[in-house]
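> After the sequence you'll find the predicted model.
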Amino acid sequence: MLKESLISEFQKIVGKDNVLTSPEALKAYSYDGTTSWVHEPDVVVFPTTTDQVSQIMKIANAEKIPVTPRGGGTNVSGGSVPWQGGIVLAMTRMNKIIKVDKENLTATVEPGVVLQDLTLQLMKDRLFFPPDPQSFLGATLGGIISENAGGPACVKYGVTKQYILGIEVVLPNGEVVHLGGRTLKNVVGYDLLHIFISAEGTLGVITKAELKLNPIPAAKKTLCVVYDDMAVAGEGVFHVLESGVIPDKIEFMDNWVINRIEEMMQLGLPKEADALLLFEVDGIPEAVEKEVEQITEITKKYGAKEVRVAKDADEALAYWKGRSAGFAAVFGKAKTVFAEDVTVPRGNIPKLINRCKELAKKYNVEIVVLGHAGDGNLHPAILTDINNKDHYDRALKAMDEIIESAVEFGGVLSGEHGIGLEKQKFMKKVTEPAVINMMKGIKALIDPNNIMNPGKIWE
Amino acid sequence: MKDLKELKKIEQFADQCMKCGFCSFFCPVYQEERVETSVARGKNYLVKQILAGKQEWTPVMADIIGRCLLCKRCAANCPAKTQIDRVVVAARAELVREKGLGAIKNFVFRKVMANRPALGRYARLMQKFQWMMPRTEGKIRHLPDFVKNLGKRNFPELAKTFLRDQVKPVYKPQNGQKPIMRVGFFTGCATDFVYPDFGLKFIDFLTRHGVEVVVPDTQNCCGAAIYFSGDFETGRMLADLNVKAFKDLNVDYIVTTCATCSSTLKDYQKYLPDNEEQKQRYEEFEKKVKDSMEFVIDILKIKPEDFKLKKEFEGKTVTWHDPCHLVRYQNIKDQPRAILKALKGIKYVEMPNADLCCGMGGSFSVYHYDLTKKIAGKKMDGIKATGADIVVTACPGCMINLEDNVLLNKMPQKVHHLLELVE
């Protein structure tokens, strides 16, 4: 519980309507998109200006109150759960798109802007912000930057960090700093900008961001490629890339996922297929046509059973809707789901897929695979039930081994979801002690009182 | 005694939410307030807390569960297919079971709306005294400034003679044709008290198309405002009365021109049943209920190009507003568009976000009028973007709210039910 006097100070700073203390509101800010991480804050504060954030941080720092910044609360690593209570800084009311600069292909936004709102606004100028986390309907830019989110389109376009030119950050002591800038090139001293990107809100509060944009390509086409062996599908990914085509998306789904999606939305996906690859290519129309031909040829040559090219935008949209329903399909079928986020170098995708199959047998649990095959970021999901101890324990073991396997194949623990609370226990296993110490040192330098999103990343 | 009977019925739906938060993008209330308790995910989480015995029915909780338009945009777009409307309605019912209705709702729902003669008497009383309220424009009046708690709302004048006082029990097809079918007309309160001429015109339309129309005077309010507010007891009573009113009339269909009424009648089976027998009875009833929009196209099979525009609308540009109770509760969206696109003499323009709720939400707008105005503001932006002269819809509830907000925003548009446009 915070002192009454502090609550009224917050009310003075942001106004009464922007401070919530009812037990109901605190409950509603105790979770994010994960299944089992829950902790209530003591107060929820909605700042609307950088100055307000700064004033709140000064108080929090003086009183040593934990502060957890939160946007849409869509993250799936526990990152925005206020694990040690204190203040949830809800950034959802700082949601202005300040400027779209068509000349320089940049946009200036507040952290609470929802990605889909930005996308719709940019569309009017035929521009887009390429990182595409699939939570775009709820995810805010502040969170997307803090988690360094990625999505399907990163095969060609890369992840969030490649599209952030600069940020305004309020440090834990309330000081406002500007990192990066508005230019494409910038080598003025240490690259502190990229320490804040993916810091999961443990270093400061992002209050403004300068984004790099791309023009929307004139043409897009979608192909659905059917395989009767999922490891062969995995190989299809690098055969296509090797051939010189860089699709903007290559997504993978296994037989289990295909069938659940089909149950939900009847898209006419081939139910008997062992796996599917969904490709999207974009660019100038002539190039796109050529690339479609090339993908068709290459995938057929390397074992694809069937290639379906979407006739029109509607059919393409249906495939992508199916893909984005994938996670819902998984979560709807089990009490508890471990959604893994391991990422391996692309060439090792078949190995990882085969390993998942073996582990499913070894531990007698259902492991389903979907994900961004194009960048090696698979999301194997283990279906279990936290109330069934025996099953749950086996699932935990399988998860441990999936992560160990990913590291063995030269990969990483998390590609785009972040560590947060969910992946903490693996952090030590897969990271050199000296590296962790360096991270902790940076944290101590910027946040000596450990008030920013404490309890995250390290155990 | 806390059996949480109503909540237990929907526990399976509440469990489906996987907390992805995508609902926030579609929720008109969240879009204004940007607070987690406004959105489906937050409400659902708190309802689950109640089910787990970790949350009480506090006044804050009651406010949270009341802050929903039941527009179903979240449910329609939910990747996990969580039926959040059922969760919210059941939560309201549980709240009423636990805390009672409150004096005002108790009086309005149970003493006025649930009793056809009483409702008529009160409406007549209001009609007599509405001269006290200043006229905004034409047949639209607004509340005098001293009734501040209801806001400066504009609403249409109550008719001099209600439909119930001029309608006949049976109408034979015109020109002495043999009836192609026999249809029960469910008038609905708004058509009864505010738009009776429209009700008569609809009967005329049906009989011209060879339909025999019966209008039982035992029909009651559909009960939408009542059961969506959680008063299941009165809701069931009205459902039973309405089912009974049409039971022995030997009708092929029960048709209404109000989207809210048609969806409410159809959904008795979904929200209200307390036992198997009731469920079956409501399901039987549902099969016969048709909204006028689907009835004219799908049942009467009138070709869209065969509708004839009334002279007074010639040369106008029109746009369509999807009532929540039509587009999401009944999946009716193509039929009205087909008619409007085919109607010769008008220009049809699709509005951006045509399916966005107008912000009315029944009694929501009484308790949260400021929010209603903000949400309606976005609807108005869509209407402005079309440059239309006329906003067409098929729900008197929406019509009342759209008319209010068109005037508040000093816009020139007129609002009409689609069937008012045609001969």
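Nice, I can see it. Numbers count the residues shown, from 1 in each chain, chains lettered A, B, ... in the order given.
> Can you get me a residue count around residue 314?
All of this refers to chain A. 8 (other CB atoms under 10 Å in any protein chain shown). Just so you know, the C-beta spots here come from the backbone N, C-alpha and C atoms, and that holds for glycine as well.
> meant chain B actually
Neighbours of B:Glu314 using other CB under 10 Å come to 10.
> What of B:Arg337?
18.
> backbone phi and psi for it, please?
Main-chain dihedrals, B:Arg337, degrees, to the nearest 10: phi -70, psi -40.
> Can you give me the domain assignment for the chain?
Here I'm looking at chain A. A:1-216+A:427-454, A:219-327, A:334-422 (automatic domain parsing).
> um, chain B though
If you go by automatic domain parsing, chain B breaks into B:5-99, B:102-302, B:304-420.
> Contacts only, for whatever residue of the stretch 351-459 of chain A ends up closest to chain B.
Among the residues of the stretch 351-459 of chain A, A:Ala381 lies closest to chain B, at 11.8 Å counting by CB to the nearest CB. For A:Ala381, the contact set (CB atoms under 8 Å, 6 or more residues apart in numbering or on different chains) comprises A:Phe327, A:Val330, A:Val337, A:Phe338, A:Ala339, A:Glu340, A:Ile367, A:Val368, A:Val369, A:Leu370.
> Now with 6 Å, please.
A:Val330, A:Val337, A:Ala339, A:Val368 (CB atoms under 6 Å, 6 or more residues apart in numbering or on different chains).
> Just these: which are in strands?
Members of the contacts of A:Ala381 lying in strands (criterion: DSSP state E): A:Val337, A:Ala339, A:Val368.
> didn't the first one look like it was pressed against A:Phe331?
The one in question is A:Val337. Yes. Between A:Val337 and A:Phe331 there is a contact under CB atoms under 6 Å: 5.3 Å.
> Nearest spatial neighbour of A:Pro172, chain-adjacent residues omitted?
A:Asp447 (4.4 Å; CB to CB, 6 or more residues apart in numbering or on different chains).
> which residue is nearest the middle of the chain?
Let's take chain A. Nearest to the mean C-alpha position of chain A, by CA atoms, centre = their mean, lies A:Ala149 at 3.8 Å.
> try chain B instead
B:Thr260 (2.5 Å).
> what's around residue 17, how many residues?
All of this refers to chain A. A:Asp17 has 11 nearby residues by other CB under 10 Å.
> that's the wrong chain, I meant chain B
With other CB under 10 Å as criterion, B:Cys17 counts 24.
> Please list all residues in contact with it.
B:Cys17 touches B:Asn44, B:Thr82, counting by CB under 6 Å, 6+ apart.
> Make sure I have this right: it is in a helix.
No. Secondary structure assignment places B:Cys17 outside any helix; it is coil (DSSP: H, G, I helix; E, B strand; the rest coil).
> Which element is encountered next along the chain beyond the one helix or strand A:Arg260 maps to?
Element membership of A:Arg260, judged by DSSP states H and E, is helix A:255-265. Tracing the chain past helix A:255-265, the next element assigned as helix or strand by DSSP H and E is strand A:275-283.
> Mind jotting down where the helices sit in the stretch 151-300 of chain A?
A:154-157, A:193-196, A:230-242, A:255-265, A:285-301 (DSSP state H, counting those that start in this stretch).
> right, and these - which one's nearest chain B?
Across these, closest to chain B is helix A:255-265 (CB to the nearest CB), at 7.4 Å.
> Other residues contacting that closest one?
Here helix A:255-265 has contacts from A:Leu269, A:Lys271, A:Asp274, A:Leu276, A:Gly322, A:Ala325, A:Gly326, A:Ala329, A:Val368, A:Leu370, using CB under 6 Å, 6+ apart.
> Then stretch A:271-279?
So stretch A:271-279 is contacted by A:223-230, A:233, A:236, A:247, A:250-255, A:258-259, A:262, A:295, A:319, A:323 (CB under 6 Å, 6+ apart).
> what's the first-to-last distance across it?
18 Å (CA to CA, to the nearest Å).
> want to try JSON lines for the ones in strands among the contacts of A:Ala381, with pLDDT as columns?
Formatted as JSON lines, the ones in strands among the contacts of A:Ala381 follow (pLDDT from 0 to 100):
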{"residue": "A:Val337", "pLDDT": "85"}
{"residue": "A:Ala339", "pLDDT": "81"}
{"residue": "A:Val368", "pLDDT": "92"}
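> OK, now which residue of chain B is nearest to chain A?
Proximity to chain A, evaluated over chain B using CB to the nearest CB, is greatest for B:Pro79 at 3.3 Å.
> In this structure that residue contacts A:Ala328, no?
Yes. If you go by CB under 6 Å, B:Pro79 and A:Ala328 touch, sitting 3.3 Å apart.
> isn't A:Asn449 right up against A:Lys64?
Yes. At 5.2 Å, A:Asn449 counts as touching A:Lys64 under the criterion of CB under 6 Å.
> Those two: who's more crowded?
A:Asn449 (16 against 10).
> Give me the distance between that one and A:Met57.
Going from A:Asn449 to A:Met57 by CB to CB, to the nearest Å gives 11 Å.
> List the buried residues in stretch B:95-111.
Within stretch B:95-111, the residues that count as buried by 16 or more other CB atoms under 10 Å in any protein chain shown are B:Leu95, B:Val96, B:Arg97, B:Leu101, B:Lys105, B:Val108, B:Phe109, B:Arg110.
> for chain A, what are the nearby residues on the stretch 1-150 of chain B?
B:18-22, B:24-25, B:34, B:36-37, B:42, B:46, B:60-61, B:64, B:79-80 (CB under 6 Å from any CB of the partner chain).
> Out of those, which sit inside helices?
Counting by DSSP state H, the residues of the stretch 1-150 of chain B next to chain A place B:Ser24, B:Phe25, B:Gly42, B:Leu46, B:Val60, B:Met61, B:Ile64 in helices.
> is the helix or strand of chain A with the lowest mean pLDDT up against chain B anywhere?
One helix or strand of chain A scores below all others by mean pLDDT, DSSP states H and E: helix A:326-331, with a mean of 78. Yes. With CB under 6 Å from any CB as the criterion, chain B is reached by helix A:326-331 at A:Ala328, A:Phe331.
> Using CSV, write down the CA coordinates of stretch A:232-245.
Taking Å, rounded to 0.1, in the frame of the first residue of the first chain, the C-alpha atoms of stretch A:232-245 are listed here in CSV:
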residue,chain,number,x,y,z
VAL,A,232,10.9,-30.9,-45.9
ALA,A,233,8.8,-27.7,-45.5
GLY,A,234,11.5,-26.4,-43.2
GLU,A,235,14.1,-27.0,-45.9
GLY,A,236,11.8,-25.2,-48.4
VAL,A,237,12.5,-22.0,-46.6
PHE,A,238,16.2,-21.8,-47.3
HIS,A,239,15.9,-23.3,-50.8
VAL,A,240,13.7,-20.3,-51.7
LEU,A,241,16.0,-17.8,-50.0
GLU,A,242,19.1,-19.4,-51.6
SER,A,243,17.5,-19.0,-55.0
GLY,A,244,17.6,-15.2,-54.6
VAL,A,245,14.0,-14.4,-53.7
